[in-house]
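Visitor: A structural model of the following input is requested.
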Amino acid sequence: MPERLSPLRAIGLVLALAAFVCLILLGNWQVRRLHWKQDLLATVSARLQAPPVPLAEIEALAAEGGNIEYRPVTVSGRFEHDGERHFFATFEGQSGYYVYTPLRLADGRAVFVNRGFVPFDMKAVETRGQGQVEGTVTITGLARARLSEKPSFLVPENDVPQNIFYWKDLDSMTASAGLDAQKVLPFFIDADDAPNPGGLPAGGVTRISFPNNHLQYAITWYGLAAVLAIGVAVLVFKGRRRDD
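Guide: Sure thing, here's the model as predicted:
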């Protein structure tokens, strides 16, 4: 007649089995995330290598609900420097701001262009007058989607009166710049690294970095599951030997 497990051993085995299943599920989830991240990296890489398209193509894609992130685009217009908004950022070890300036299009609409980085002590436009280019300009850069809400409760609230933005609230940027919301395109453009007069703002600041540690995490979870299984097997074997 087979020996019955003690209640304590039975509970221990059930808990160990539950932990084993959880570890396997976590490993499977990380494998799925790995495939998703690999697809994302391939998609972004393909977009970055594509030639820039006219603004109208990005507009059409955005209107259809398509993903416009990191798609190269070219656009022409006149900068309205008195409406530039300042996004707090760090770039190459320096603290400062990304300068978002409305670009007025020929049809009267506008799009906010991230012209690039200026150091903290050069936030005031009079400190970098050369970079306040006038007349019609053509910008090549990357389309960037707007945010629907603050990305995290850890992100500070935007200081609109001081023109310091900690997250890209397009509605607030539009209103504080005195623009008609109906005539502002619902996305941003990050300018490329083409130099501006005087060197500022320094363009080409788009950060394209997607950490991909999912394989490492999957191996960790599966490894813990294996260690748990081996440990339980050893304990069960030793327990039976003692009982014998």
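Visitor: Just the strands from this protein, written as ranges.
Guide: Counting by DSSP state E, the chain has these strands, from start to end: 53-54, 72-79, 85-91, 94-104, 110-119, 136-145, 184-191.
Visitor: Direction included, what does the shortest one pair up with?
Guide: Going back to what we said before, that points to strand 53-54. Under the criterion DSSP bridges, strand 53-54 sits next to strand 72-79 (parallel) in its sheet.
Visitor: The partner strand to strand 94-104, inter-axis angle?
Guide: Angle, strand 72-79 to strand 94-104, by axes from the mean of the first three to the mean of the last three Cα atoms, to 10 degrees: 80 degrees.
Visitor: Strand 72-79 to strand 136-145, inter-axis angle?
Guide: 130 degrees.
Visitor: hang on, the earlier thing: any idea which of the strands of the chain gets closest to residue 16?
Guide: In terms of Cβ to Cβ, the element of the strands of the chain nearest to residue 16 is strand 136-145, at 45.6 Å. From N, CA and C alone the C-beta is placed, and that goes for glycine too.
Visitor: Could you export that closest one as CSV, CA atoms only?
Guide: Taking Å, rounded to 0.1, in the frame of the first residue of the first chain, the C-alpha atoms of strand 136-145 are listed here in CSV:
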residue,chain,number,x,y,z
THR,A,136,11.0,79.9,-45.2
VAL,A,137,13.0,76.9,-44.1
THR,A,138,12.8,73.2,-45.0
ILE,A,139,13.2,70.8,-42.2
THR,A,140,13.9,67.1,-42.3
GLY,A,141,13.3,65.0,-39.3
LEU,A,142,11.3,62.2,-37.6
ALA,A,143,7.6,62.3,-36.9
ARG,A,144,6.8,61.7,-33.3
ALA,A,145,3.4,60.9,-31.9
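Visitor: Just give me the longest helix of the protein.
Guide: Secondary structure of the chain per DSSP state H: the longest helix is helix 7-49.
Visitor: what mean pLDDT would you report for it?
Guide: Here helix 7-49 scores 85 as its mean pLDDT.
Visitor: Who are the packing partners of that helix?
Guide: In terms of contacts (3 or more Cβ pairs under 8 Å, 6 or more residues apart in numbering; DSSP states H and E), helix 7-49 is packed against helix 214-243.
Visitor: What are the buried residues along the helix it packs on?
Guide: Buried residues in helix 214-243, defined by neighbour count with 16 or more other Cβ atoms under 10 Å: 214, 217, 218, 221, 222, 224, 225, 228, 229, 232.
Visitor: Can you tell me how far the nearest residue to residue 195 once chain neighbours are set aside is from residue 103?
Guide: Once flanking residues are discounted, residue 195 sits nearest to residue 203: 7.5 Å by Cβ to Cβ, 6 or more residues apart in numbering. Residue 203 is 13 Å from residue 103, where distance means Cβ to Cβ, to the nearest Å.
Visitor: Can you list the low-confidence ranges for the chain?
Guide: Of all residues in the chain, those with pLDDT under 70 make up the ranges 1-6, 210, 239-244.
Visitor: mind running it again at 50?
Guide: Residues of the chain that meet the criterion pLDDT under 50 lie in 1.
Visitor: circling back to that earlier point, and the longest helix of the chain, how far out from the chain's middle?
Guide: When C-alpha coordinates are averaged (Cα atoms, centre = their mean, to the nearest Å), helix 7-49 and its chain have centres 22 Å apart.
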